[in-house]
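Asks: Sequence and predicted structure below; questions after.
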Amino acid sequence: MKEKLGKEFFNRDIKIVAEELIGKLLVRNQFNGKIEKYRITDIEMYIGEEDLACHASKGRTARTEVMYADGGMVYVYLIYGMYWLLNIVTGCKGKPQAILIRGVVNIDGPGRVGRKLKLDKSFYGEDLTSSQRIWLEDDGFECTFARHPRINIDYAGDIWKNKLYRFVMIE
DNA sequence: GCAGTGATACAA
DNA sequence: TGTATCACTGCG
């Protein structure tokens, strides 16, 4: 049984959503009727303005605005001029939180995921609970995960760098 | 080990 | 206006 994840899934604290997001299916309707599904294996949490690794630590800007919305929105941005990274906004309105999708089955790396899904700036603010081209499903798959420090955030300082905010599925 | 690539944030 | 920086990848 497959169920599309709705607002009630995303509108919870990021730590709960993140734990349950591992093993869920990321679904992409690439073009007419061609639907692809990818199981999420690797994610990172970015939590609030006080998290120096989180883009919202710079406050509310055009780029971070969507993180302040309620859960279930897509936050995408271009990094290094080449890669669109996919993030999922969680929590309630006014609390900036987002989960970066670092990897899915057979696609290891956030930039590769974005390329495979053919993301672009038009996905900024897309609502995963009503979109016809990208959404999430629960197919009942169960798994466990390990916690690690986040990748490539040296600029955030030791306290935030060492937080175990990366969850990786154990095969 | 490091080049490539362009939006963004912030200084001036 | 200019410019430093960046939730990365794919070459060597």
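Replies: Nice, thanks for sending it over.

Asks: show me what contacts the closest residue in space to residue A:157 that isn't next to it in sequence?
Replies: Distances taken as CB to CB, 6 or more residues apart in numbering place residue A:52 nearest to residue A:157, at 5.6 Å, with adjacent residues excluded. All C-beta atoms are positioned from the backbone trio N, CA, C, and that covers glycine. Going by CB atoms under 8 Å, 6 or more residues apart in numbering, residue A:52 touches A:155, A:156, A:157, A:159, A:160.

Asks: redo that, cut-off 7 Å
Replies: Residues near residue A:52 by CB atoms under 7 Å, 6 or more residues apart in numbering: A:156, A:157, A:160.

Asks: what's the spacing between it and residue A:80?
Replies: 20 Å (CB to CB, to the nearest Å).

Asks: What backbone torsions are found at residue A:21?
Replies: Backbone torsions for residue A:21, taken as degrees, to the nearest 10, come to phi -70, psi -30.

Asks: Now chain A against DNA strand B: closest residue?
Replies: Per CB to the nearest atom of the strand, residue A:81 is where chain A lies closest to DNA strand B, at 2.8 Å.
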